[in-house]
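Chemist: turn this into a model:
(one chain, ligands or ions: 1)
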Amino acid sequence: MIYLAPMQGLTEITFRKAYYKVFGLSGIDMAISPFISLTHGTLANAYKKIKDVLPEYNAQSLPLIPQILGNEIPQFIEMANRLGEIGYDEVNWNMGCPVTKVAHKKRGSGLLPYPDMVDNILSKVLPNVSTRISLKIRLGYYSPDEVFNLVSVFNRYPLASVVIHPRIGLQMYEGDLFLDVFAKAIADIKHKIIFNGDIFSVADYAEIQRLFPTMSDVMIGRGAVLNPLLPLEIKGQTVCNYNKSYVEFVNTLFDEINARNVPDLSKLRKIKEYWQYFAQNFDLSDEDRREVLLSEDLCDTQRMIIEILSKADRISSPKL
Ligand SMILES: Cc1cc2nc3c(=O)[nH]c(=O)nc-3n(C[C@H](O)[C@H](O)[C@H](O)COP(=O)(O)O)c2cc1C
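Modeler: Residues are numbered from 1 along each chain as shown. Now for the predicted structure:
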């Protein structure tokens, strides 16, 4: 299975809907939502965040597993049960967010050095929630070896799956993946494992398949925003006219963004955020890149992006 990674501000409902409209389920099989933080206090305050996963907005979209971030046991239980009530049978717990101010409060990847705390949270949450719980982790926060103290904790509970991004929190999204540590850890974890990290091309995917031949589940984040056709290509689907299909997706994404009830300036910012990714997938002149970034008009910016992407050559092995 191919999972779409949660990416705050990027793989939210607009992206998932546009993706589903254009490609259906021929590439991505399942998405995990960007995190809903438990520190938003009451559920009413968290509404803005929950909105992204409300079934009424997600009806014509990719199948979804909502994700939560935090270490507060009562709020975790309340949120998981609320998500269960609105129809979800699985909630993903974020133990991978590397942002310093999150991690320093023992949230996200900041939980990884504390197996007893993870154990305590799972032991109190699991018997009291109606949904299954899956995890999204890194190998550690300070050191990749932290994962070895977590394995026995994970194996004590009936987890739905464990998504592993084989970096540590301190690396953020850069630097080498610890694939040797990943290999050792997954040999001992008894749950379904989903590999996540640095899949930007079919060749990257093939290399993960070669290294871990029994691994059938991967999660793709930046690679799928940069090249929304990548999941289809990985599945061996024929893409007859690459630029046409790419542009069809981008136009649909723009339609979804334009339909949002937010000021034009927010729409423009959002489109430029996506542009930073799209632009990495094509061989573009500095002038083309700059022209889009300097544009201040919403419609002009969209027109420019479509014109550029319609005729640009793609890069065969894009990297971020
Ligand atoms: C801008 C951005 C936002 C992200 N937001 C989340 C998030 O909300 N929850 C989460 O678990 N991971 C989040 N991630 C991490 C991704 O899910 C993924 O683990 C990471 O990008 C590595 O996978 P990739 O190399 O396929 O992109 C985010 C990453 C980026 C770059």
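
Chemist: ignoring the adjacent residues along the chain, who's closest to the closest residue to the ligand within the stretch 101-250 of the chain?
Modeler: In the stretch 101-250 of the chain, no residue comes nearer to the ligand than residue 221, which is 2.8 Å away by CB to the nearest ligand atom. The C-beta positions use only the backbone N, C-alpha and C, and glycine is treated the same way. Closest residue to residue 221 apart from its sequence neighbours, by CB to CB, 6 or more residues apart in numbering: residue 5 at 3.1 Å.

Chemist: cool, residue 10 as well?
Modeler: residue 225 (5.4 Å).

Chemist: what's the neighbour count on the one you found?
Modeler: Using other CB atoms under 10 Å, residue 225 has 23 neighbouring residues.

Chemist: okay, helices next: where are they in the stretch 101-250 of the chain?
Modeler: 115-125, 146-155, 179-188, 202-211, 222-226, 230-234, 242-258 (DSSP state H, counting those that start in this stretch).

Chemist: let's have those helices in JSON lines, adding mean pLDDT.
Modeler: JSON lines is the format used below for those (pLDDT from 0 to 100):
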{"stretch": "helix 115-125", "mean pLDDT": "98"}
{"stretch": "helix 146-155", "mean pLDDT": "98"}
{"stretch": "helix 179-188", "mean pLDDT": "98"}
{"stretch": "helix 202-211", "mean pLDDT": "98"}
{"stretch": "helix 222-226", "mean pLDDT": "98"}
{"stretch": "helix 230-234", "mean pLDDT": "98"}
{"stretch": "helix 242-258", "mean pLDDT": "98"}
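
Chemist: comparing those helices, which comes out most buried?
Modeler: For those, the largest average neighbour count (mean count of other CB atoms under 10 Å) is found in helix 222-226, namely a mean of 24.

Chemist: hmm, residue 58 and residue 31 touching each other?
Modeler: No. Counting by CB atoms under 8 Å, residue 31 does not reach residue 58; the two are 9.3 Å apart.

Chemist: identify the contacts common to those two.
Modeler: Shared contacts of residue 31 and residue 58, defined by CB atoms under 8 Å, 6 or more residues apart in numbering, are found at 16, 64.

Chemist: helix or strand with the lowest mean pLDDT in this protein?
Modeler: None of the helices or strands of the chain scores lower by mean pLDDT, DSSP states H and E than helix 47-50, at a mean of 75.

Chemist: what residues sit buried inside it?
Modeler: For helix 47-50, burial by neighbour count (16 or more other CB atoms under 10 Å) applies to 49, 50.

Chemist: near the ligand, anything from that helix?
Modeler: No. Helix 47-50 does not reach the ligand (CB under 6 Å from any ligand atom); its nearest approach is 10.4 Å.

Chemist: so which elements touch that helix?
Modeler: In terms of contacts (3 or more CB pairs under 8 Å, 6 or more residues apart in numbering; DSSP states H and E), helix 47-50 is packed against strand 30-37.

Chemist: care to break the protein down by domain?
Modeler: 2-234, 242-314 (automatic domain parsing).

Chemist: now distance to residue 320 too, for these, in CSV please.
Modeler: CSV is the format used below for the domains of the chain (distance: least, CB to CB, whole Å):
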stretch, distance to residue 320
domain 2-234, 5
domain 242-314, 6
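
Chemist: let me know which of those is tucked in deepest.
Modeler: Greatest burial across these, using mean count of other CB under 10 Å, falls to domain 2-234, with a mean of 19.

Chemist: quote the end-to-end distance of that one.
Modeler: Criterion CA to CA, to the nearest Å; first-to-last residue distance in domain 2-234 is 9 Å.

Chemist: before we move on, what about stretch 48-67?
Modeler: So stretch 48-67: terminal residues 14 Å apart, CA to CA.

Chemist: quick one: contacts of it?
Modeler: 4, 6, 12-13, 16-17, 19-21, 25, 28-37, 40, 43, 82-83, 86-88, 90-94, 134, 136.

Chemist: let's see it at 6 Å
Modeler: Contacts to stretch 48-67, defined as CB atoms under 6 Å, 6 or more residues apart in numbering, come from residues 6, 12-13, 16-17, 20, 28, 30-33, 35-36, 83, 86-88, 90-92, 94.

Chemist: related to what we said a few turns ago, and the helices of the stretch 101-250 of the chain as a markdown table, adding distance to residue 195?
Modeler: Output for the helices of the stretch 101-250 of the chain, formatted as a markdown table (distance: least, CB to CB, whole Å):
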| stretch | distance to residue 195 |
| --- | --- |
| helix 115-125 | 21 |
| helix 146-155 | 14 |
| helix 179-188 | 8 |
| helix 202-211 | 6 |
| helix 222-226 | 12 |
| helix 230-234 | 13 |
| helix 242-258 | 25 |
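
Chemist: cool, thanks, signing off.
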